[in-house]
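Visitor: Sequence first, then the predicted structure:
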Amino acid sequence: MAAPSGASESVSNLDLKIQNGTVANSAETFSADVGVRDGRIVAIGTELGDADRVIDATGKYVLPGGIEAHCHIEQESSSGLMTSDDYYSGSVSAAFGGNTCIVPFAAQHRGQSLKEVLETYHGRAGPKSVVDYSFHLIISDPTDAVLHEELPRAIEEGITSFKIYMTYDRLIVDDSQMLDILSVAKKNGALTMIHAENNAMIKWMSGKLVDSGHGAPKYHALSHPRTAESEAINRAIELAGFLDAPILIVHVSTEAGARIIAKARYDGRKVFGETCPQYMFLNAEQMDLPGMHGAKLCCSPPLRDRASQEEIWRCLQNGTFQVYSSDHAPYRFDDTGKLHAGPKPDFPQIANGLPGIEMRLPLLFSEGFMKGRITLNHFVALAATNVSKIYGLDHCKGSITEGKDADIAIWDPAISREVKAEDMHDNMEYTPYEGMQITGWPTTVVQRGKVIIDDNELHADRGAGEFVPRRRIDCTGMPGRLAPELDPEKNFGVDLEL
């Protein structure tokens, strides 16, 4: 495809020019140079004129910087356990993986105000992050003040998404609370992300396993039944559909769950789906390790079998999942992390989560694009564009477009490397992808016009990243309808305040 129309006019006084590369967005691929000034893309075409710095991208792909929109960085769990990455190591690791923006969680624990939560997380991220960032709120205590004062205020400040849990005793919200939260989200133009697993099934199954002497890490994979996911996804979609509120089901691990999402979208529900690399590249068999080493692979939802891996791939290929995220939740394999409850805990006491923020995009580039499972344009959509549209970042990020932030990752398809923990940049001593052979890697990463990664070296200071206020969620073009009981045209004219 040719360069965008009118983009070949000579442009001078550029800060940066990336030339001779193949540029790709989510719907187009073309040969062109990219000109940058004052942190923005100002020209795409040929004969762009002089620049203070020129990068030759011959043989490489010039792509939008990745947006990692599901990661747990410098976040306390509900039991008070802190993830191993702070906003410096977490953002550095993200940048080396081709990302230029992250959207981690700011977690409310019961009794906390959202004002307190956001002050804490701004204080953690602002001085440390090397890439741009925003937050999703985690809502565990939806008091009247939270629902009617604090959430609307947070949305006004550009935090237009929040997450709720249908499991975990200290985070779970019941169905009535979910309806309250979904109502506020709809009224204020926000998106509700949902961790959908049936809490009772998990607790029942976990109790049966432990009581019968099956407490080793590998049995964690059995303790979260597939039905626990599909039942909760179905319930979440029905609750949201009752209000015609938009939701995103996070980290889907089963074919049954994916099929429910696909049918709901076909039926006109405002629902998005997300999956993660661990459900595509890892499986439960790998948890059968000596001693406690299987704990390294404990995450929720758990790893499934090999057949499930292929089904998740298929659902990613066919568009059932619009979002592909790492769910980076790093806990070291020691008493500060995975084994915080003791040297040989039963699996319910093992810290849940896997590292993966740096490997998210290289895995998909190598095993998806390079092996012909997805197109380059689909890779870009999953890496950045879909997330930018769904989460309200499309006005400034997510594509190589004139006027948008110059957030760019240059990928070299000729690079081949073996994944090693010692090469990662997070604050972890292991990677679950150890030993995998990867083809293609981001060699240069540009954040708002400044080169922050080049030749495997960091060129960004702590705090170089900026908070990005996000726009309200736009569901234009997505069909939907209120339940008849809530529709004044069908319920005898009763107009209930949602």
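Guide: That came through fine.
Visitor: Can you measure across stretch 350-368, start residue to end residue?
Guide: End-to-end span of stretch 350-368 (CA to CA, to the nearest Å): 32 Å.
Visitor: pLDDT on the host helix or strand of Ile41, on average?
Guide: Ile41 belongs to strand 40-45 when assigned by DSSP states H and E. Mean per-residue pLDDT for strand 40-45: 97.
Visitor: mind listing the helices for this structure?
Guide: Residue ranges of the helices in the chain, as given by DSSP state H, are 87-96, 114-125, 144-145, 151-156, 175-188, 199-211, 220-223, 226-243, 255-266, 278-281, 306-317, 360-364, 376-380, 386-390.
Visitor: Thought Glu28 was touching Ala381, still the case?
Guide: No. Between Ala381 and Glu28 there is no contact under CB atoms under 8 Å: 11.5 Å. Any C-beta I mention is one placed from the backbone N, CA and C, and that applies to glycine too.
Visitor: winner for burial among the helices of the chain?
Guide: Among the helices of the chain, helix 87-96 has the highest mean neighbour count (mean count of other CB atoms under 10 Å), at a mean of 28.
Visitor: Can you tell me which helices and strands that helix packs against?
Guide: Secondary-structure packing of helix 87-96 (3 or more CB pairs under 8 Å, 6 or more residues apart in numbering; DSSP states H and E): strand 66-71, strand 99-107, strand 437-447, strand 450-454, strand 457-458.
Visitor: average pLDDT for the shortest one?
Guide: It stands for strand 457-458. Strand 457-458 comes out at a mean pLDDT of 98.
Visitor: Tell me the strands beside it, with direction?
Guide: The strands beside strand 457-458 in its sheet (DSSP bridges) come out as strand 450-454 (antiparallel).
Visitor: Using CSV, write out every CA atom in the strand it pairs with.
Guide: Output in CSV follows, covering the C-alpha atoms of strand 450-454 (Å, rounded to 0.1, in the frame of the first residue of the first chain):
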residue,chain,number,x,y,z
LYS,A,450,12.5,10.3,22.3
VAL,A,451,14.4,7.1,21.9
ILE,A,452,14.2,5.3,25.2
ILE,A,453,15.4,1.8,24.1
ASP,A,454,18.1,1.3,21.5
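Visitor: how about it: buried residues?
Guide: 450-453 (16 or more other CB atoms under 10 Å).
Visitor: cool, stretch 123-139 as well?
Guide: Residues of stretch 123-139 classed as buried by neighbour count (16+ other CB under 10 Å): 124-125, 128-139.
Visitor: pLDDT and distance to Glu497 added to these, as JSON lines?
Guide: Formatted as JSON lines, the buried residues of stretch 123-139 follow (pLDDT from 0 to 100; distance: CB to CB, whole Å):
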{"residue": "Arg124", "pLDDT": "98", "distance to Glu497": "37"}
{"residue": "Ala125", "pLDDT": "98", "distance to Glu497": "36"}
{"residue": "Lys128", "pLDDT": "98", "distance to Glu497": "42"}
{"residue": "Ser129", "pLDDT": "98", "distance to Glu497": "39"}
{"residue": "Val130", "pLDDT": "98", "distance to Glu497": "44"}
{"residue": "Val131", "pLDDT": "98", "distance to Glu497": "40"}
{"residue": "Asp132", "pLDDT": "98", "distance to Glu497": "37"}
{"residue": "Tyr133", "pLDDT": "98", "distance to Glu497": "35"}
{"residue": "Ser134", "pLDDT": "98", "distance to Glu497": "30"}
{"residue": "Phe135", "pLDDT": "98", "distance to Glu497": "28"}
{"residue": "His136", "pLDDT": "98", "distance to Glu497": "26"}
{"residue": "Leu137", "pLDDT": "98", "distance to Glu497": "23"}
{"residue": "Ile138", "pLDDT": "98", "distance to Glu497": "26"}
{"residue": "Ile139", "pLDDT": "98", "distance to Glu497": "20"}
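Visitor: Dump those into a markdown table; add distance to Val387 as well.
Guide: A markdown table is the format used below for the buried residues of stretch 123-139 (distance: CB to CB, whole Å):
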| residue | distance to Val387 |
| --- | --- |
| Arg124 | 22 |
| Ala125 | 18 |
| Lys128 | 22 |
| Ser129 | 17 |
| Val130 | 19 |
| Val131 | 14 |
| Asp132 | 13 |
| Tyr133 | 13 |
| Ser134 | 11 |
| Phe135 | 14 |
| His136 | 12 |
| Leu137 | 17 |
| Ile138 | 18 |
| Ile139 | 21 |
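Visitor: of all those, which two lie farthest apart?
Guide: Farthest pair in the buried residues of stretch 123-139 (CB to CB) is Val130 and Ile139. Separation: 28.3 Å.
Visitor: who's Lys450 bridged to?
Guide: Listed by DSSP bridges, the beta-bridge partners for Lys450 are Gln447.
Visitor: so how many other residues sit close to Gln394?
Guide: In this structure residue 394 is Asp, not Gln. For Asp394, the neighbour count with other CB atoms under 10 Å is 19.
Visitor: mind listing what Met436 touches?
Guide: 281, 363, 418-419 (CB atoms under 8 Å, 6 or more residues apart in numbering).
Visitor: Can you tell me which of the residues you listed is nearest Ile67?
Guide: For those, the minimum distance to Ile67 (CB to CB) is 16.2 Å, reached by Leu363.
Visitor: The closest one is in contact with Phe281, isn't it?
Guide: Yes. Counting by CB under 8 Å, Phe281 is a contact partner of Leu363 at 5.9 Å.
Visitor: which residues do these two both contact?
Guide: Shared between the contact lists of Leu363 and Phe281 (criterion: CB under 8 Å, 6+ apart) are residues 433, 436.
Visitor: Can you give me the buried ones in stretch 401-421?
Guide: 401, 404-411, 413, 419.
Visitor: Make JSON lines out of the residues you listed and add pLDDT and distance to Lys371.
Guide: Output for those, formatted as JSON lines (pLDDT from 0 to 100; distance: CB to CB, whole Å):
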{"residue": "Thr401", "pLDDT": "98", "distance to Lys371": "28"}
{"residue": "Lys404", "pLDDT": "98", "distance to Lys371": "30"}
{"residue": "Asp405", "pLDDT": "98", "distance to Lys371": "31"}
{"residue": "Ala406", "pLDDT": "98", "distance to Lys371": "30"}
{"residue": "Asp407", "pLDDT": "98", "distance to Lys371": "26"}
{"residue": "Ile408", "pLDDT": "98", "distance to Lys371": "24"}
{"residue": "Ala409", "pLDDT": "98", "distance to Lys371": "20"}
{"residue": "Ile410", "pLDDT": "98", "distance to Lys371": "21"}
{"residue": "Trp411", "pLDDT": "98", "distance to Lys371": "15"}
{"residue": "Pro413", "pLDDT": "98", "distance to Lys371": "12"}
{"residue": "Val419", "pLDDT": "98", "distance to Lys371": "16"}
